[in-house]
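1. only the shape, not the letters, is given here:
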Ligand code: PMP
């Protein structure tokens, strides 16, 4: 786990939980225990209010209107861009592009950057622990361009084989697209050194921050990545909003992605000139409410402090790992030295889905299956895992409920 800050404070988890109305839910006659945070986090009242406040008070299309509502909506939308810029340490606000999520961000880069820069024989390097959304867009590009997709192997403990990575890098490597934190294993990859090595061979680097942005401090300038993508819904924000960060000079030199309103400067039937960054990549009416509410989510995270959140989540991870390891036949998949608060496991002779259903009957939400990482599951020779992923509002008492629920499920299945 990430080092905890010695000056960190203990969060008042009870008070934090009160900010999340959904945590009062009763599921199957039991209080909800929500451990599916890596799929999507729950939303604090401030995020829910930001959406409803926008629609109740200043719903208007942005940028084009001169009326007051349009100006208010535009100001809130652009304030969110600045909040994201600060959240990830970007040098310029125009390097922050609103997307629908991580998936769209990766597809945008694969389409716009990829089609302009990849030629036959070029190599694109990904890792064996990528989410399907950081595999398939590159596969499509490679198929179109006759380029080659290469894969960094994953070690038995769930870390990347860095020796293999360095051997795979070469003059033909044009793109390295790597996940910072694995959604299936929890592994934190050493992206800074990965990026440095990629740059030494002249490759461009995209970091999939879908799982990292909520847990780790993100500083894209220090990291020196060329692209960084993440989704709002995995960091207490709404679905349908995400971010593509790109270095200004690269974004400027890239061709456009989608054509339409907002991304143009001037259109005639003969030719079109394109808008400046960031609007060049924001065709059409965006998810205005989502962008505005994303700022509320970042405010929520900043107010608590990521150091404090990490300290709490590290305690959850440590306790859950120790308790799970006591269960006979249980194997944790992914034992990297650096992990976020996520445990994936299998139990000998039991299908993960059966465990998921029996836990749901007790009000416990976990994810089961391949977690959109089928090649990784194949690497471990398993069909899937049970994954419990923790957020700041989870408690040690909830982990006790999970462990008791697992014992009960196993009894029923035996
Ligand atoms: N990458 C990783 C590591 C993820 O965990 C996810 C979501 N499970 C994605 C990409 C895709 O994110 P989204 O569905 O929000 O676009």
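-> Received the coordinates, thanks. No experiment lies behind these values; they were computed from the predicted model shown.
2. what's near enough to touch the closest residue to residue 104 other than its chain neighbours?
-> Nearest residue to residue 104 in three dimensions, chain neighbours excluded: residue 242, at 6.4 Å (Cβ to Cβ, 6 or more residues apart in numbering). (Each C-beta comes from the backbone N, C-alpha and C, glycine too.) Residues near residue 242 by Cβ atoms under 8 Å, 6 or more residues apart in numbering: 98, 99, 100, 101, 102, 103, 104, 105, 229, 230, 231, 232.
3. out of the residues you listed, which are close to the ligand?
-> For the ligand, the contacts drawn from the contacts of residue 242 by Cβ under 6 Å from any ligand atom are 101, 102, 103, 231.
4. ok, of the residues you listed, which one's closest to residue 388?
-> Residue 388 has its nearest neighbour among those in residue 231, at 20.1 Å by Cβ to Cβ.
5. pretty sure that closest one sits against residue 104.
-> No - using Cβ atoms under 8 Å, residue 231 is not in contact with residue 104; the gap is 9.2 Å.
6. the two: which has the busier surroundings?
-> Neighbours around residue 231 and residue 104, counted as other Cβ atoms under 10 Å, are more numerous at residue 231. The numbers are 29 against 21.
7. with residue 106 as the reference, measure out to that one.
-> Distance from residue 231 to residue 106, counting by Cβ to Cβ, to the nearest Å: 11 Å.
8. what do you get for residue 31?
-> Noted for residue 31: a distance of 37 Å to residue 106, by Cβ to Cβ.
9. what's the answer for residue 296, then?
-> Distance of residue 296 to residue 106, given as Cβ to Cβ: 25 Å.
10. residue most distant from the centroid, this structure?
-> Distance to the chain centre peaks in the chain at residue 270, reaching 40.6 Å (criterion: Cα atoms, centre = their mean).
11. now the end-to-end length of stretch 62-70.
-> For stretch 62-70, the first-to-last residue distance is 5 Å (Cα to Cα, to the nearest Å).
12. can you list the residues that contact it?
-> Stretch 62-70 has contacts (Cβ under 8 Å, 6+ apart) with 58-61, 71, 73-74, 77, 262, 279, 285-286, 288.
13. so which of the ones next to the ligand among the contacts of residue 242 is the most crowded?
-> The most neighbours of any of these, using other Cβ under 10 Å, belong to residue 231, which has 29 neighbours.
14. list the beta-bridge partners for it.
-> Beta-bridge partners for residue 231, by DSSP bridges, are residue 242.
15. now for it: which residues touch it?
-> 101, 102, 103, 210, 239, 241, 242.
16. next one, pLDDT for the first one please.
-> On the pLDDT scale, residue 101 is placed at 98.
17. buried ones in stretch 93-109?
-> Residues of stretch 93-109 classed as buried by neighbour count (16 or more other Cβ atoms under 10 Å): 94-109.
18. so who does the closest residue to residue 325 other than its chain neighbours touch?
-> If the residues on either side of it in the chain are set aside, residue 325 comes closest to residue 332, at 6.9 Å by Cβ to Cβ, 6+ apart. By Cβ under 8 Å, 6+ apart, residue 332 lies in contact with 321, 324, 325, 343, 344, 345.
19. would you turn the residues you listed into TSV with secondary structure, distance to the ligand and pLDDT?
-> What follows is the contacts of residue 332, written out as TSV (DSSP: H, G, I helix; E, B strand; the rest coil; distance: Cβ to the nearest ligand atom, whole Å; pLDDT from 0 to 100):
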residue	secondary structure	distance to the ligand	pLDDT
321	helix	20	98
324	helix	21	98
325	helix	25	97
343	strand	15	98
344	strand	12	98
345	strand	18	98
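20. circling back to that earlier point, look up how far the ligand lies from the residue nearest to residue 325.
-> Distance of residue 332 to the ligand, computed by Cβ to the nearest ligand atom, to the nearest Å: 19 Å.
21. show me what that residue is bridged to.
-> Bridge pairing for residue 332 - DSSP bridges - gives residue 345.
22. thinking again about what came up before, turn the contacts of residue 332 into JSON lines, including neighbour count.
-> Formatted as JSON lines, the contacts of residue 332 follow (neighbours: other Cβ atoms under 10 Å):
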{"residue": "321", "neighbour count": "17"}
{"residue": "324", "neighbour count": "20"}
{"residue": "325", "neighbour count": "12"}
{"residue": "343", "neighbour count": "28"}
{"residue": "344", "neighbour count": "30"}
{"residue": "345", "neighbour count": "22"}
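23. among those, which two are most distant?
-> 325 and 344 (13.2 Å).
24. which one of the contacts of residue 231 is nearest to residue 22?
-> For those, the minimum distance to residue 22 (Cβ to Cβ) is 13.9 Å, reached by residue 239.
25. just give me the neighbour total for the closest one.
-> Residue 239 has 15 nearby residues by other Cβ under 10 Å.
26. can you name the residues that contact it?
-> Residue 239 makes contact with 40, 101, 231, 232, 233, 290, according to Cβ under 8 Å, 6+ apart.
27. give the helix, strand or coil label for it.
-> coil (DSSP: H, G, I helix; E, B strand; the rest coil).
28. and it, how far from the ligand?
-> Residue 239 sits 8 Å away from the ligand, taking Cβ to the nearest ligand atom as the criterion.
29. next one: residue 350
-> Counting by Cβ to the nearest ligand atom, the gap from residue 350 to the ligand is 24 Å.
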